[in-house]
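>>> this one's structure only:
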């Protein structure tokens, strides 16, 4: 696994590429992004920018992508299928639809390119700290060959099967995350409207049976006081809405009713309508507060 190319070095791709480059001997990493503004940042982190994308693609043992949506993913996958050598492994770490991934799998197979679907759970801070949960599906031999790379990204690794299992598992995880925020929005608004102290509610929740890691993480942002609530994004409303659309699409394809998820999607749309699209997805709390007739104090 000598020649490696990273395509897409945004908030997640950049630290993931750094961790692989830090493995040292045996891993010659180059990176590229359509946003040329990423070049100086990547080089400041000690990464090598790919100047000849075609030549590098043709020479690679492994190509890794981290991309924002289906359209970018399909475009990059088509490039890989057209130019990578047979036997090269293409590993995509984006959050994309199951249907797009299935279509890409067929294209890559036609051109003899191996395909690993890699879903990661965690935000950019967790990516920087090498504390992601890594979920993989695709050829098991390719999975085994890339274990050292996965270990560089986080301590928790799951192999889920030969096809699209990791894509669907990521949507399941994110569904539970976003629904936790919706649950918090309703519960906290009920308590606040009834006169419960904002900070004490968070303290009780974090120390109770519902005190999951995601609730404890949100408490660090939001629990101090109403006036000190921090909605700086770990994952924006716009980003979560994109994932919600993928969840609902998957539900439709599998004939699974996702009524609560559909409602949460509408609440995220309301946050965007109020100018909160670039805030953390926990801004759904403010949506329910407005609906409950409470003043937002941040």
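On my side now, so go ahead. Please read all numbers here as calculations on a predicted model, not as lab measurements.

>>> what about stretch 218-232, distance to the chain center?
Between the centre of stretch 218-232 and the centre of its host chain there is 23 Å, according to CA atoms, centre = their mean, to the nearest Å.

>>> Stretch 260-279 now?
Mean-position distance between stretch 260-279 and its chain equals 18 Å (CA atoms, centre = their mean).

>>> Could you tell me how many residues sit around residue 128?
Counted with other CB atoms under 10 Å, the neighbours of residue 128 add up to 17. All C-beta atoms are positioned from the backbone trio N, CA, C, and that covers glycine.

>>> quick one: contacts for it?
residue 15 (CB atoms under 8 Å, 6 or more residues apart in numbering).

>>> which SSE is residue 86 in?
For residue 86, there is no host helix or strand (DSSP states H and E).

>>> pretty sure it contacts residue 113?
Yes: with contacts counted by CB atoms under 8 Å, residue 86 reaches residue 113, the gap being 7.0 Å.

>>> Residue 232 and residue 282 touch, don't they?
No: here residue 232 does not reach residue 282: they are 10.2 Å apart, not a contact under CB under 8 Å.

>>> Pull up the overlap in contacts between these two.
With CB under 8 Å, 6+ apart, residue 232 and residue 282 have common neighbours residue 221.

>>> just to revisit the earlier point, so between residue 86 and residue 113, which is more surrounded?
residue 113 (23 against 8).

>>> Can you pull the poorly scored residue ranges out of the stretch 1-150 of the chain?
Residues of the stretch 1-150 of the chain that meet the criterion pLDDT under 70 lie in 1.

>>> what ranges do the strands span in it?
Here the stretch 1-150 of the chain has its strands, by DSSP state E, counting those that start in this stretch, at 3-7, 28-32, 48-49, 62-65, 89-92, 114-121, 133-137.
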